[in-house]
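Novice: Next comes the sequence, and after it the predicted model I'd like to discuss.
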Amino acid sequence: MTGNLNGGGRGGGGEGPCGACKFLRRKCVRGCIFAPYFDAEQGTASFATIHKVFGASNTSKMLLRLPLHKRLDAVATLGYEALARVRDPVYGCVGHLFSLQHQVMNLQAEIAHVQARLSMFQRLSLVPPQQMQQPPFDLAYNNEYPMEPTNLDVVWEEEQLPQTVRH
Ligand SMILES: [Zn+2]
């Protein structure tokens, strides 16, 4: 990482401005609050995104309120939120949260469906008792399982997965 040599971790000091000051076209003074987190190379682009969403002054104020050991995480969070807001101006990173929650719901519905299927097979005694402990994925690939894997596929298609599983 050449970034650590060029201003990362130090406040200006004659080696050229940090990424933030470079973007703001200002002199990077010793002790610059941005210097440890925005190096002169990649730091400029990430600061530009943060600046666009939060503004330099607000970012500086937010960092000043935090203890030193929390500032790196704060900068990473601001960068993540700013990038999400630029990509999705309406929802920002909340859009990503919604999408992940949706995925979790779909997967839970799928698990419930598979478990319901599995317990139905168990009730019908299609599964020999010693194989009941295994997850359903193993059943399709287990040669000792009495039902062919293709039959299992047909059952899935005929039964129609719950609405939430459909994309
Ligand atoms: Zn600076």
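Specialist: All right, it came through fine. Predicted model, so just to flag it, every value in this text is computed and none were measured.

Novice: pLDDT of the lengthiest helix in the chain, averaged?
Specialist: Counting residues, the longest helix in the chain under DSSP state H turns out to be helix 93-123. Here helix 93-123 scores 95 as its mean pLDDT.

Novice: List the buried residues in it.
Specialist: For helix 93-123, a neighbour-count test (16 or more other C-beta atoms under 10 Å) marks Cys93, Asn106, Ala109, His113, Arg117, Leu118, Phe121 as buried. For every residue, glycine as well, the C-beta is placed using N, CA and C.

Novice: would you turn those residues into JSON lines with distance to Lys27?
Specialist: JSON lines is the format used below for the buried residues of helix 93-123 (distance: C-beta to C-beta, whole Å):
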{"residue": "Cys93", "distance to Lys27": "33"}
{"residue": "Asn106", "distance to Lys27": "53"}
{"residue": "Ala109", "distance to Lys27": "58"}
{"residue": "His113", "distance to Lys27": "63"}
{"residue": "Arg117", "distance to Lys27": "68"}
{"residue": "Leu118", "distance to Lys27": "68"}
{"residue": "Phe121", "distance to Lys27": "73"}
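
Novice: Just the closest of those residues to the ion, please.
Specialist: Cys93 (26.5 Å; C-beta to the ion).

Novice: quick one, what contacts the residue nearest to that closest one when sequence neighbours are not counted?
Specialist: If the residues on either side of it in the chain are set aside, Cys93 comes closest to Ala84, at 3.8 Å by C-beta to C-beta, 6 or more residues apart in numbering. Contacts for Ala84 (C-beta atoms under 8 Å, 6 or more residues apart in numbering) come out as Gly92, Cys93, Gly95, His96.

Novice: could you say which helix or strand contains Ala84?
Specialist: helix 68-87 (DSSP states H and E).

Novice: Walk me through the domains of the chain.
Specialist: 2-87, 94-165 (automatic domain parsing).

Novice: For these, which has the smallest mean pLDDT value?
Specialist: Out of those, domain 94-165 stands lowest, with a mean of 70 (criterion: mean pLDDT).

Novice: What parts of the protein come near the ion?
Specialist: Taking C-beta under 5 Å from the ion as the criterion, the chain approaches the ion at residues Cys18, Cys21, Cys28, Cys32, Phe34, Ala35.

Novice: Pretty sure the last one sits against Cys18.
Specialist: Yes - Ala35 lies in contact with Cys18 (C-beta atoms under 8 Å); the separation is 3.8 Å.

Novice: Show me which of the two is the more surrounded one.
Specialist: Legend: neighbour count by other C-beta atoms under 10 Å for Ala35 and Cys18, higher for Cys18 (32 against 26).
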